[in-house]
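S.K.: Next comes the sequence, and after it the predicted model I'd like to discuss.
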Amino acid sequence: MAGIELKPCPFCGSINLELTSTSNGCKVIHCADCGATMIGAYMERAVKKWNRRVYDD
């Protein structure tokens with residue numbers, strides 16, 4: 001996650017976050033503590049949505 005700054009989970013405040021990819025290449029940010037998830041078509045989009053708490057594409 002070098003160079004990527006994620007805000008804490010908006011639901012539980014955790015910083016225990018995981019970045020993964022789906023089988024079709026979408027990027028996923030997942031809170032390992034409460035299960036909150038954000039998906040974006042690419043990493044920059046997923047990070048932007050997570051940090052701004054924007055849930056529409």
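M.R.: That came through fine.
S.K.: Break down the chain into its helices, ranges please.
M.R.: Taking DSSP state H as the criterion, the chain carries its helices at 43-52.
S.K.: Can you pull up the most central residue in it?
M.R.: With distances taken as Cα atoms, centre = their mean, Ile29 lies nearest the centre of the chain, 2.6 Å away.
S.K.: which residues touch that one?
M.R.: Taking Cβ atoms under 8 Å, 6 or more residues apart in numbering as the criterion, Ile29 is in contact with 6, 17-19, 37-40, 46-47, 50. Every residue, glycine included, has its C-beta placed from N, CA and C.
S.K.: Bridged to it, which residues?
M.R.: The partner list for Ile29 in beta bridges (DSSP bridges) reads Leu19, Met38.
S.K.: Could you dump the contacts of Ile29 into JSON lines and include pLDDT?
M.R.: JSON lines is the format used below for those (pLDDT from 0 to 100):
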{"residue": "Leu6", "pLDDT": "93"}
{"residue": "Leu17", "pLDDT": "95"}
{"residue": "Glu18", "pLDDT": "94"}
{"residue": "Leu19", "pLDDT": "93"}
{"residue": "Thr37", "pLDDT": "94"}
{"residue": "Met38", "pLDDT": "94"}
{"residue": "Ile39", "pLDDT": "93"}
{"residue": "Gly40", "pLDDT": "93"}
{"residue": "Ala46", "pLDDT": "92"}
{"residue": "Val47", "pLDDT": "93"}
{"residue": "Trp50", "pLDDT": "94"}
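S.K.: can you list the weak-confidence ranges in the protein?
M.R.: Counting by pLDDT under 70, the chain shows low-confidence ranges at 1-2, 54-57.
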